[in-house]
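K.L.:
fold the following.
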Amino acid sequence: MPFKRKGDQYSASFVSKKWSFLLCLGCFYAGMLFTNRVGTVPQSKGIMRKTAMEAENLTLISEGCNLKAKEEKHVSKDIIEEVFKTHHAIHTLDKTISNLEMELAAARAAQESLLGGSLLSTDVNRAESSRKRRYLMVIGINTAFSSRKRRDSVRATWIPQGEKRKKLEDEKGIIVRFVIGHSAMTGGILDRAIEAENQKHGDFLRLDHVEGYLELSAKTKIYFATAVALWDADFFVKVDDDVHVNIATLCETLVRHRKKPRVYIGCMKSGPVLSKK
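P.N.:
Just a heads-up that it's a prediction; the model follows:
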């Protein structure tokens with residue numbers, strides 16, 4: 001007859017409870033482990049995605065800054081080019097206007113000379129007729145083709161015109177002339193403009209000299225040689241067309257030195273104006 005002891009029944013019940021507890025505890029830890037892995041991985045992915053998006057945004061912003069800098073540099077270069085083109089256009093326009101003014105002056109002077117006839121004789125003929133006369137001074141005003149406005153200003157201020165200038169020569173012994181050579185192309189529009197202006201005013205002394213800024217010293221030398229050959233005078237004076245001369249004061253100064261031989265009065269680059277031995 002089979003039977004079980006009371007102690008055996010108690011031992012089996014105890015073992016069953018112990019294993020059940022361990023099994024529950026293992027399931028709990030397994031659940032926690034599984035839950036942590038499932039919850040942590042998506043969070044990591046979200047952070048990675050966010051970091052990747054921020055990096056992409058930074059890259060786009062950096063590229064945008066570079067593009068903006070390149071655009072600003074390109075715009076600055078375009079502005080410099082436009083400014084250069086504008087200055088070049090203004091310079092070309094000024095040169096064109098100057099040429100047109102000279103052409104217009106030549107046309108007007110030629111028309112006036114045709115309408116009014118030849119008012120005054122040339123310097124050579126006048127010098128031949130007055131070779132025996134001795135003058136106080138000959139004033140040569142150094143001028144250029146493009147200095148028409150300066151010549152008009154001088155005529156309007158300290159050089160008498162017409163009969164008054166002739167009276168100044170005959171009574172006071174003072175001759176005043178604008179001194180100019182000829183252009184590189186003899187007989188060109190510049191020379192014709194001067195010829196027409198001379199027919200109107202008769203106050204030019206033409207030199208056998210090619211005009212040029214680097215030839216001013218040679219021009220001055222040729223002027224003195226030409227003036228001495230044309231007129232017999234005590235003094236030969238050279239001034240520029242931007243200088244206004246007080247003829248009365250100049251006469252008073254020169255008269256005081258009239259009896260001194262070989263007198264030179266003028267401004268030099270160095271040293272005193274009047275030097276004594």
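
K.L.:
if I pick residue 180, what's in contact with it?
P.N.:
The neighbourhood of residue 180, defined by CB atoms under 8 Å, 6 or more residues apart in numbering, consists of 143, 144, 145, 194, 204, 205, 206, 207, 211. Where C-beta positions appear, they are placed from N, C-alpha and C, glycine not excepted.

K.L.:
pop out the phi and psi values for the spatially closest residue to residue 211 that is not a sequence neighbour.
P.N.:
Nearest non-adjacent residue to residue 211, counting by CB to CB, 6 or more residues apart in numbering: residue 181, 4.8 Å away. Main-chain torsions, residue 181, degrees, to the nearest 10: phi -90, psi -140.

K.L.:
same deal with residue 145?
P.N.:
According to degrees, to the nearest 10, residue 145 has phi -60, psi -40.

K.L.:
for it, give its distance to residue 261.
P.N.:
38 Å (CB to CB, to the nearest Å).

K.L.:
the more surrounded of the two?
P.N.:
Neighbours were tallied for residue 145 and for residue 261 using other CB atoms under 10 Å; the higher tally belongs to residue 145 (18 against 5).

K.L.:
low-confidence ranges in the chain?
P.N.:
By pLDDT under 70, the low-scoring segments of the chain are 1-17, 33-76, 94-95, 98-132, 267-277.

K.L.:
which of the contacts of residue 180 tops the neighbour count?
P.N.:
residue 194 (25 neighbours).

K.L.:
now do the contacts for that residue.
P.N.:
145, 180, 204, 206.

K.L.:
surely the third one meets residue 191?
P.N.:
No - Residue 204 is not in contact with residue 191 according to CB atoms under 8 Å; the separation is 11.2 Å.

K.L.:
list residues touching both of these two?
P.N.:
Between them, residue 204 and residue 191 share no contacting residue, judged by CB under 8 Å, 6+ apart.

K.L.:
where do the helices sit along the stretch 151-277 of the chain?
P.N.:
163-167, 189-201, 216-230, 247-256 (DSSP state H, counting those that start in this stretch).

K.L.:
pull out the buried positions in the longest one.
P.N.:
Spelled out, it's helix 216-230. 219, 222, 223, 226, 227, 230 (16 or more other CB atoms under 10 Å).

K.L.:
for residue 219, what are its contacts?
P.N.:
Residue 219 neighbours (CB under 8 Å, 6+ apart): 142, 179, 181, 207, 209, 211.

K.L.:
quick one: these as TSV, columns for distance to residue 82 too.
P.N.:
TSV is the format used below for the contacts of residue 219 (distance: CB to CB, whole Å):
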residue	distance to residue 82
142	40
179	44
181	41
207	45
209	43
211	36
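
K.L.:
so which of those comes closest to residue 26?
P.N.:
Distance to residue 26, by CB to CB, is smallest for residue 211 among the contacts of residue 219, at 116.7 Å.
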